[in-house]
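Visitor: For reference, the sequence and a predicted model appear below.
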Amino acid sequence: MALKIGVVGMGGMGNFHFRTYAGIKGAKVVAICDIDPKKISGKGGVEINIGGGGKGSGFVGVKKYSDYRELIADPEIEVVDITLPTYIHAPVAIEALKAGKHVITEKPMAIDSREARRMAAAAKKAKRRLFVAHCIRFWPVYAKAREIVRGGKHGKLVSANFRRISGTPTWSWDGWLLDEKRSGLCALDMHIHDTDYILHLLGKPKSVSCSRGISRKGGLTEHIVASFDYGKGRLVTAEGAWYGAEGVPFGMSFTIAMETATLICGTDLKLMLHPAKGKPREIKVRSGDGYEHELRHFVDCIAKGRKSDVVSPKSAIESVKLVEYELASEKKRAPVKVKL
């Protein structure tokens, strides 16, 4: 029997999730919800910074709701998938969990770590599963890089740099992404991908230092650079930016240097291994993308009644908290110790 899923929020990411579930055995979207009637008609999807998103696929054969409370109350639905603006994640997730539904929610987990902890507590009390869609943990090239680094064949990690840029997301519904109180701006919405991956790769840093440039003249631009202290002999940094200039393409990349080899992933998402001796070679990775692998994993976890061994509510809370430490460092203009 397929898990019956309801998707709340049918913008760009909601469309991604809807289409992805169609290819996952054991999952079936039976209902969708959005306050915009065009979006649940399949004619009003939006673009997102990674490309695609686009218009819906018609949404034939699914129930359509304009009020998320009605979708949550639908007795057929077992899983509520939340692809709403960040500031709404917590209230909708908590209500769904109280109603006895399992929940999958887009990243970041919540607008702040306090709200994220409320979500985790609600899941524990309801005895239901809560999954946060940190897709980079599942993205094949990033997952393979972690496997190589943690395998230790090439020695200890010496340095790592992660970079993620795009144009400013001016397309968001009601301009919510440009409102710091509703999105957390680039730091919490996009840069958190790399913050989260660094935690997944290396665990908790001792401290973090952060610089941030932000301007609303000529269009919003936010540029953030964070350095994570993992002890002497290691340099780990992450850079994220929304640029106000039109036409700036999305790109994510990284360089990870170990003692005897360096991994490089460019914006083409090919993983190259450069050994200290010998010729560079491309490392093969799994097919598909992070959305497919994360949702397939979450569906499998729910079906088998088990926790995720890739991303837990606790780790998702820590990612939000670490971004908060970054911003505290930027405000103090000094490193801050990290306690997660």
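Guide: That came through, no problem.

Visitor: what's near enough to touch Met10?
Guide: Phe18, Ile32, Cys33, Asp34, Asp36, Lys39, Ile40, Gly45, Gly56, Thr83 (C-beta atoms under 8 Å, 6 or more residues apart in numbering). Placement of C-beta: from N, CA and C, glycine included.

Visitor: Among those, show me the least confident.
Guide: The member of those with the lowest pLDDT is Gly56, at 46.

Visitor: List of residues touching stretch 303-319?
Guide: With C-beta under 8 Å, 6+ apart, stretch 303-319 has contacts from 3, 26, 107-109, 113, 116-117, 119-120, 123, 129-132, 134, 137-138, 192, 195-196, 199-200, 204, 294, 297-298, 301, 340.

Visitor: Give me the subset of those lying in strands.
Guide: Judged by DSSP state E, strands contain the following of the contacts of stretch 303-319: Leu3, Leu130, Phe131, Val132.

Visitor: from the residues you listed, which is closest to Ile214?
Guide: Ranked by distance to Ile214 (C-beta to C-beta), those are led by Val132 at 25.9 Å.

Visitor: measure that closest one to Arg286 for me?
Guide: 21 Å (C-beta to C-beta, to the nearest Å).

Visitor: out of these two, which sits in the more crowded spot?
Guide: Neighbour count, other C-beta atoms under 10 Å: between Val132 and Arg286, Val132 has more, with 31 against 13.

Visitor: Narrow the contacts of stretch 303-319 to those that are buried.
Guide: 3, 107-109, 113, 116-117, 119-120, 123, 129-132, 134, 137-138, 192, 195-196, 199-200, 294, 297-298, 301 (16 or more other C-beta atoms under 10 Å).

Visitor: And the residue nearest the centre of the protein?
Guide: His134 (3.5 Å; C-alpha atoms, centre = their mean).

Visitor: need the contact list for His293.
Guide: Phe138, Trp139, Pro140, Ala143, Arg286 are the contacts of His293 under C-beta under 8 Å, 6+ apart.

Visitor: rewinding a little: and the ones in strands among the contacts of stretch 303-319 as CSV, adding distance to Asp179 and pLDDT?
Guide: Shown next, in CSV, are those (distance: C-beta to C-beta, whole Å; pLDDT from 0 to 100):
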residue, distance to Asp179, pLDDT
Leu3, 34, 98
Leu130, 25, 98
Phe131, 26, 98
Val132, 22, 98
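
Visitor: Columns distance to Gly12 on top of those, output as a markdown table?
Guide: Output for those, formatted as a markdown table (distance: C-beta to C-beta, whole Å):
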| residue | distance to Gly12 |
| --- | --- |
| Leu3 | 23 |
| Leu130 | 23 |
| Phe131 | 20 |
| Val132 | 18 |
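
Visitor: what residues go with each domain of the protein?
Guide: 3-135+291-310, 137-287+321-337 (automatic domain parsing).

Visitor: Mean pLDDT lowest where, among those?
Guide: Averaging pLDDT over each of the domains of the chain puts domain 3-135+291-310 lowest, since it has a mean of 92.

Visitor: could you pull out the strands for the stretch 51-200 of the chain?
Guide: Taking DSSP state E, counting those that start in this stretch as the criterion, the stretch 51-200 of the chain carries its strands at 63-65, 79-82, 102-106, 130-133, 157-167.
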